[in-house]
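Novice: fold the following.
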Amino acid sequence: MDSTRVEARTPGLLTLHVVGRRQISPSYVRVTLGGGDVADFVPLGYDQWFRLFLPVSDTSLARVPKKLTTLSYLKFLTVSKTERPVLRNYTVRAYRADGVDGPEIDVDFVVHGSAEDGTAGPAASWAQSCNPGDAVALLDEGLCFNPAAGTSRVLIAADETGLPAVAGILASLDATAVGHAVVEVPSDADRQDLEAPAGIEVAWVVRDDPSAVPGQAALRAVEALTLPDEPAYAWVVGESSLVAGARRHWVQAGVPKENITFVGYWKAGKAH
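Specialist: Below you'll find the predicted structure:
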């Protein structure tokens with residue numbers, strides 16, 4: 001990914017504030033950020049992602065490095081957990097230059113469990129309990145989706161953690177783009193209305209078995225697709241076995257390795 005990524009254009013660390021939050025489906029909470037330094041954010045579309053620092057105390061955001069280098073990250077890790085902000089990676093679900101009080105950024109959080117009974121992870125708990133005015137810090141990291149110039153056919157796959165990125169990519173593609181997008185979600189109610197070119201076939205895969213490893217149903221759907229002979233750019237994110245399996249399948253199907261972007265967001269059985 002590092003060799004093909006598109007660098008961020010947003011200068012340094014931004015402090016933003018919660019504008020609102022709402023549960024948009026059983027598995028997603030959408031938090032809208034704005035105010036603060038949001039006018040300095042440079043939207044790039046596609047799968048633009050960022051480091052999100054969530055406070056654990058009234059003063060913890062003061063511990064966030066202005067830039068995230070190896071040295072600054074190691075120093076950040078020396079901060080006690082009672083003062084060290086929660087750090088997670090997220091994708092811009094939507095950007096609006098003309099929000100109610102200025103630019104706004106929507107961030108979709110996948111939520112499992114509940115903040116009230118302590119069964120949700122720290123980021124999901126924050127998303128379910130944050131209030132307007134709450135501060136966060138953000139470091140823009142640019143794009144991973146980066147096909148060669150002139151590439152019009154795309155292959156896209158993700159589990160629920162990658163849905164926000166898929167939405168951004170589809171909305172940013174040229175109207176002439178063609179191809180397939182496979183998205184796995186935990187329930188039928190988690191489907192979202194996606195803006196996409198007419199030539200992109202979006203396949204929703206609902207995980208029937210709640211105990212199944214996320215991404216395996218999407219992988220089967222990817223493997224079932226008949227791929228054309230013409231060149232394509234492929235992109236897959238989500239649970240690591242989905243990512244590895246889709247990449248392996250595409251390579252065996254003839255997609256050049258350099259035409260595949262793959263990012264394991266998380267690994268089943270490991271806290272994230």
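Novice: where do the domain boundaries of the chain fall?
Specialist: The record's domain parsing of the chain by the TED database lists 13-143, 153-266.
Novice: name the stretch among the ones you listed that sits most buried.
Specialist: Among the domains of the chain, domain 153-266 has the highest mean neighbour count (mean count of other CB atoms under 10 Å), at a mean of 19. Where you see a C-beta, it was placed from the backbone N, CA and C, and this is true even at glycine.
Novice: so where is the stretch 51-200 of the chain shaky, pLDDT-wise?
Specialist: 113-120 (pLDDT under 70).
Novice: thinking again about what came up before, any chance of CSV for the domains of the chain, columns distance to residue 6?
Specialist: Output for the domains of the chain, formatted as CSV (distance: least, CB to CB, whole Å):
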stretch, distance to residue 6
domain 13-143, 4
domain 153-266, 11
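Novice: can you pull up the most central residue in this protein?
Specialist: Geometric centre of the chain, nearest residue: residue 91, 3.6 Å, by CA atoms, centre = their mean.
Novice: mind listing what it touches?
Specialist: By CB atoms under 8 Å, 6 or more residues apart in numbering, residue 91 lies in contact with 47-50, 107-108, 164-165, 168.
Novice: so which of the domains of the chain is nearest residue 5?
Specialist: For residue 5, the closest of the domains of the chain is domain 13-143, at 5.8 Å, according to CB to CB.
Novice: could you pull out the strands for the chain?
Specialist: 14-25, 28-34, 49-54, 86-91, 94-99, 102-110, 135-142, 153-158, 178-185, 199-206, 233-239, 260-266 (DSSP state E).
Novice: which other helices and strands contact the second one?
Specialist: Counting by 3 or more CB pairs under 8 Å, 6 or more residues apart in numbering; DSSP states H and E, the packing neighbours recorded for strand 28-34 are strand 14-25, strand 102-110, helix 122-129.
Novice: reformat the ones you listed as TSV; add distance to residue 153.
Specialist: Shown next, in TSV, are those (distance: least, CB to CB, whole Å):
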stretch	distance to residue 153
strand 14-25	30
strand 102-110	27
helix 122-129	35
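Novice: nearest to residue 136, of these?
Specialist: Closest among the helices and strands packed on strand 28-34, using CB to CB: strand 14-25, at 5.6 Å.
Novice: what packs against that closest one?
Specialist: The contact analysis (3+ CB pairs under 8 Å, 6+ apart) places strand 14-25 against strand 28-34, strand 102-110, strand 135-142.
Novice: any chance of those in a markdown table, plus distance to residue 172?
Specialist: Formatted as a markdown table, the helices and strands packed on strand 14-25 follow (distance: least, CB to CB, whole Å):
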| stretch | distance to residue 172 |
| --- | --- |
| strand 28-34 | 19 |
| strand 102-110 | 15 |
| strand 135-142 | 13 |
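Novice: just so I know, which of the ones you listed lies nearest residue 42?
Specialist: Among the helices and strands packed on strand 14-25, the nearest to residue 42 by CB to CB is strand 135-142 (7.3 Å).
Novice: direction included, what does that closest one pair up with?
Specialist: When pairing is defined by DSSP bridges, strand 135-142 lines up against strand 14-25 (antiparallel), strand 49-54 (antiparallel).
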